[in-house]
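> Below: sequence and its predicted model.
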Amino acid sequence: MKLSKSQFEKFLEENRLILSFIGMSNIGKTYWSKKLQDLGFRHINCDDLIEKKLTPVLKELEYSGIEDVSRWMGQPYEEKFFANQHKYVSFEKEVMEEIFSEIKNINNRNIIIDTTGSVVHTGKNITEKLKQYSMVIYIAGSEDMKEEMFKKYMEKPKPVVFGDVYNQEQSGTQLQALSRCYRKLLNLRSALYAQCADVVIPREAIVNDITVSQFISLIKHAI
């Protein structure tokens with residue numbers, strides 16, 4: 001949803017502003033979504049909703065939490081990965097459609113949709129609806145951040161949809177292949193996020209001591 005600065009201010013003041021954050025895992029989408037709750041925004045966390053749909057499967061394995069969702073999905077060099085990836089994306093599509101239906105009936109409440117990193121893999125129908133119902137804000141990581149993002153991914157895994165990006169060459173270890181393909185995935189997603197976005201905010205523009213009000217101003221000035 002394209003908004004002018006004046007429309008953005010008007011919608012915010014009238015409690016009918018709907019924002020969506022897109023970007024890679026560990027870029028700050030959930031952090032700032034939670035901060036916006038301090039301004040009265042309703043936070044819709046897509047990771048939590050997908051995990052809820054996965055509950056029966058996770059319970060069988062005695063799993064719970066986002067890290068265990070990552071354990072369930074596995075890594076792309078594991079046999080289980082592609083079937084689980086497909087199931088995850090199917091649930092993600094269901095979640096997004098449910099969100100779109102729900103927000104039609106919410107009045108007098110600003111909303112932030114905290115999407116997963118894989119929302120751009122759900123298909124054109126979902127991303128077009130995301131733009132129809134919300135102002136889509138892409139928090140964009142720099143080239144210098146990619147190594148740090150891979151390190152965070154390995155230290156504290158989250159479920160990551162690779163699509164068909166992963167392939168292991170004959171030479172090299174599984175970790176080397178994962179590192180190479182994760183960077184390839186970052187580049188692919190960067191292009192997809194940019195296509196979907198109404199507003200792009202470079203991650204390095206969000207300094208550590210910025211307040212939530214200053215963050216809102218940052219969005220407004222990027223329009």
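Now that the structure is in, tell me what you want to look at.

> Please state the offset of the helix or strand of the chain with the lowest mean pLDDT from the chain centre?
Least confident helix or strand of the chain, by mean pLDDT, DSSP states H and E, is helix 146-155 with a mean of 83. Once both centres are worked out by CA atoms, centre = their mean, to the nearest Å, helix 146-155 turns out to sit 16 Å from its chain's centre.

> Enumerate the positions of stretch 39-51 that are buried.
By 16 or more other CB atoms under 10 Å, the buried positions in stretch 39-51 come out as 41-47, 49-51. Just so you know, the C-beta spots here come from the backbone N, C-alpha and C atoms, and that holds for glycine as well.

> can you give me the strands for this structure?
Here the chain has its strands, by DSSP state E, at 18-22, 42-45, 111-114, 135-140, 199-202.

> Rebuild these as CSV, extending it with mean pLDDT and distance to Ala83.
CSV is the format used below for the strands of the chain (pLDDT from 0 to 100; distance: least, CB to CB, whole Å):
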stretch, mean pLDDT, distance to Ala83
strand 18-22, 98, 26
strand 42-45, 97, 25
strand 111-114, 98, 26
strand 135-140, 97, 30
strand 199-202, 96, 34
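
> Present the ones you listed as TSV; the columns should include distance to Lys87.
Formatted as TSV, the strands of the chain follow (distance: least, CB to CB, whole Å):
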stretch	distance to Lys87
strand 18-22	22
strand 42-45	19
strand 111-114	21
strand 135-140	26
strand 199-202	31
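
> Could you say which of those strands is packed most deeply?
Among these, ranked by average contacts under mean count of other CB atoms under 10 Å, first place goes to strand 18-22 (a mean of 26).

> who touches it?
With contacts defined as CB atoms under 8 Å, 6 or more residues apart in numbering, strand 18-22 is touched by 1, 29, 32-33, 36, 41, 103, 110-115, 119-120, 130, 133-139, 193, 196-197, 219.

> by how many degrees do it and strand 135-140 diverge?
Using axes from the mean of the first three to the mean of the last three CA atoms, to 10 degrees, one finds that strand 18-22 and strand 135-140 are set 30 degrees apart in direction.

> Now do strand 18-22: distance to the chain's middle.
Its chain's C-alpha centre and that of strand 18-22 lie 9 Å apart, by CA atoms, centre = their mean.

> Pull it out as PDB, backbone CA atoms only.
Provided in PDB are the C-alpha atoms of strand 18-22 (Å, rounded to 0.1, in the frame of the first residue of the first chain):
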ATOM      1  CA  ILE A  18      -1.400  -1.300   8.900                       C
ATOM      2  CA  LEU A  19       2.400  -2.000   8.400                       C
ATOM      3  CA  SER A  20       4.200  -5.200   7.400                       C
ATOM      4  CA  PHE A  21       7.900  -5.800   8.000                       C
ATOM      5  CA  ILE A  22       9.800  -7.900   5.600                       C
END
